[in-house]
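# Everything below, folded, please.
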Amino acid sequence: MIKILAIDDQQLILLSLEKHLGDLGYDIKCATSGKEGLECFDVFQPDMVIVDINMDDMSGLDVVKAIRLEKESDVKIMVLSGNTDEETIIDGFDLGIDDYMKKPVSLNEVTIRVSRMFGIKPTTSKPKETDKKGQMIQERCIGVVIPCYNEEKRLLSTEFIDFVHSNLGYHLCFVNDGSTDNTLEVLNKLSKSRETNISVFNCKKNGGKAEAVRQGILHLVKEDQLDYIGYLDADLSTDFRDFDDLVKTIERSDFKIVSGSRMSRMGANITKESARKIISMSINLIIRTILGMPFNDTQCGAKIMDKDIAKLMFKDRFITSWIFDVEIFMRMRKHYGKKKAISYICEQPLKRWIHADGSKLSMRDSIKIVGQLGQIAVHYR
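Okay, here's the model as predicted:
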């Protein structure tokens, strides 16, 4: 049996590799650091090493150098990394790696490359009809908070399961906000046997959306493997594909927060009830006046942010329950100053957004928002 040692500091990636390659008949061991990987190398004596480049304790290139120069081993080495720097890739081949794969990459492609290295017929898992690319390993690990209050009917959707099955770098944290229906039971069923990619944080008492999201994010920031943390509405009015686009933007830029925007534009499927649309436009005008920053849709329920920013922005309770998004923008301005805050926040138009039936925010609530905006203006002055 061919033995493979996988070294990566992100467990979401390791567990996916371990299960996939293990199911295909390989004997695979995993290590979460370069030092641990080298120790395991001596004991396990693998036929192949799969290693990431960007690890905190010891870089993947240092691991390769130790294997080739110190241990004088000619074991096959594949680099699986999000590092696309040309000089790094060349250094890897100069040190004697056999292959370099850039994330994101499908598990099927990894399988084919591993098989060909050993001269055996590749074995791959056929992707679903709805998922032609199969299971993808992301460049980074992302945590997503999904607040839930009496959402048992909406959560029966298979979209959540399909998404984490296909996107292996994601972890969905559902926060049950003291629901009075069977939401908690549905969530526990959803996470069963999927604990690596789906977790449930239960709030016994209803504290409102702001506190539910805050508790979920404070729970996720404890996870060392996560690079970015965001949140998304349970009704999936923002498409998962759009959310992934927000992630790609923050990965490839210096932005600290990337927020979705539902502003209508050519080629986008953005629908709202007419009355809600008028009220939203009026509220957005008030928000822009209070913020003093050029953002058009602070209230979009799809945001992704740098992990350190998430920890800072969600450290303290919010003074409002529904429009805490505005408070995040205000906290950014207060902490960094107006000019820097604007440069750190990106507002990205969504390609699709549809108002879902059964929204918890009524027209009466919309009127209350105006008063809450007054509170924010005074509190953050």
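# Low-confidence stretches in this structure?
Applying pLDDT under 70 to the chain flags the ranges 122-133, 156, 264-280, 353-366.
# Backbone dihedrals for the residue of it positioned farthest from its centre, both of them.
Most distant from the centre of the chain: residue 72, at 38.7 Å, with distances by C-alpha atoms, centre = their mean. Residue 72 adopts backbone torsions of phi 50, psi 40, taken as degrees, to the nearest 10.
# What's the separation between it and residue 31?
For residue 72, the distance to residue 31 equals 20 Å [C-beta to C-beta, to the nearest Å]. Yep, even glycine has a C-beta here, placed from its N, CA and C like the rest.
# Which residues are in contact with residue 29?
3-6, 40, 44, 46 (C-beta atoms under 8 Å, 6 or more residues apart in numbering).
# buried sites along stretch 200-211?
For stretch 200-211, a neighbour-count test (16 or more other C-beta atoms under 10 Å) marks 200-201, 203, 206-211 as buried.
# ok, now stretch 64-83?
64-68, 73, 75-83.
# Narrow those residues to those in strands?
Among the buried residues of stretch 64-83, the members found in strands (DSSP state E) are 76-81.
# Which parts of the stretch 51-200 of the chain are helices?
All helices of the stretch 51-200 of the chain, identified by DSSP state H, counting those that start in this stretch, fall at 60-65, 86-95, 107-117, 159-166, 183-191.
# need the strands for the stretch 101-250 of the chain, in chain order.
105-106, 136-137, 142-148, 170-177, 198-203, 228-231 (DSSP state E, counting those that start in this stretch).
# Would you reformat those as JSON lines and include distance to residue 260?
Output for the strands of the stretch 101-250 of the chain, formatted as JSON lines (distance: least, C-beta to C-beta, whole Å):
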{"stretch": "strand 105-106", "distance to residue 260": "26"}
{"stretch": "strand 136-137", "distance to residue 260": "21"}
{"stretch": "strand 142-148", "distance to residue 260": "13"}
{"stretch": "strand 170-177", "distance to residue 260": "17"}
{"stretch": "strand 198-203", "distance to residue 260": "22"}
{"stretch": "strand 228-231", "distance to residue 260": "10"}
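# between these, which gets nearest to residue 309?
strand 228-231 (8.8 Å; C-beta to C-beta).
# Keeping just the C-alphas, turn that closest one into PDB.
Extracted in PDB, the C-alpha atoms of strand 228-231 (Å, rounded to 0.1, in the frame of the first residue of the first chain):
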ATOM      1  CA  TYR A 228     -11.400  34.900   7.200                       C
ATOM      2  CA  ILE A 229     -14.800  35.100   8.900                       C
ATOM      3  CA  GLY A 230     -18.100  36.300   7.600                       C
ATOM      4  CA  TYR A 231     -21.800  35.900   8.000                       C
END
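# contacts for it?
With C-beta under 8 Å, 6+ apart, strand 228-231 has contacts from 140-147, 213, 216-217, 220-221, 243, 246-247, 250-251, 301-307, 310.
# go with 7 Å
With C-beta atoms under 7 Å, 6 or more residues apart in numbering as the test, strand 228-231 has contacts from 140, 142-145, 213, 217, 220-221, 247, 250, 303-307, 310.
# What is the distance between that strand and the centre of its chain?
6 Å (C-alpha atoms, centre = their mean, to the nearest Å).
# Could you do stretch 373-381 as well?
31 Å.
# Could you list the buried residues of it?
Those would be 373, 376-377, 380, for stretch 373-381 by 16+ other C-beta under 10 Å.
# For the nearest residue to residue 97 once chain neighbours are set aside, give me its contacts.
Closest residue in space to residue 97, ignoring its immediate chain neighbours: residue 77 at 4.6 Å, by C-beta to C-beta, 6 or more residues apart in numbering. Shown in contact with residue 77 (C-beta under 7 Å, 6+ apart): 49, 51, 64, 67, 97-98.
# What is the nearest of the buried residues of stretch 64-83 to residue 181?
residue 82 (40.6 Å).
# contacting residues around the closest one?
54, 103, 139-140.
# In which helix or strand does residue 294 reside?
Assigned by DSSP states H and E, residue 294 falls within no helix or strand.
# count of neighbours near it?
9 (other C-beta atoms under 10 Å).
# Distance of it relative to residue 331?
18 Å.
# can I assume residue 348 sits in a strand?
Yes - counting by DSSP: H, G, I helix; E, B strand; the rest coil, residue 348 falls inside a strand.
# Residue 23 - how many residues pack around it?
10.
# Actually, residue 296.
15.
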